[in-house]
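J.: Here is a sequence together with a model predicted from it:
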Amino acid sequence: MLNCKDCIQQISSYLEGEMEPELKRHLEEHLKRCHHCHVVFDSTRKTIELYCDGKLFPLPAEVRDHLHQALRRRWEEKMK
């Protein structure tokens, strides 16, 4: 099982299609149960789609890391 922190860290890998099937299944199960993570996931996916004119593409590592850090900070603030 994934917790919220693990889920947030894996969002970009999921969207890029670079995820082991077992981890993908756990992430999808978590997203079904956790409204907060689902909102982060959906917002990230929609932002990428809008930015890329509806086409998903792999984020550069620097951008992905920055996004993860920002999402983690925001999540930790909400969890306080």
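T.: That came through, no problem. Numbers count the residues shown, from 1 in each chain.

J.: hey, let's count contacts and neighbours off CA atoms from now on
T.: Will do.

J.: Same question for the lowest-mean-pLDDT helix or strand in the chain: list its buried residues.
T.: Least confident element among the helices and strands of the chain, by mean pLDDT, DSSP states H and E: helix 61-79 (a mean of 81). Of the residues in helix 61-79, those buried under the neighbour-count criterion (16 or more other CA atoms under 10 Å) are 64, 67-68, 71-72, 75.

J.: Relative to Arg33, which of these is nearest.
T.: Distances from Arg33 to the buried residues of helix 61-79, taken as CA to CA, are shortest for Trp75 (16.4 Å).

J.: still on that earlier bit, including distance to Glu18, could the buried residues of helix 61-79 go into a markdown table?
T.: As requested, those are exported to a markdown table (distance: CA to CA, whole Å):
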| residue | distance to Glu18 |
| --- | --- |
| Arg64 | 13 |
| Leu67 | 17 |
| His68 | 16 |
| Leu71 | 20 |
| Arg72 | 20 |
| Trp75 | 23 |
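
J.: Mind checking the pLDDT average for stretch 10-21?
T.: Per-region confidence: stretch 10-21 scores 89 on mean pLDDT.
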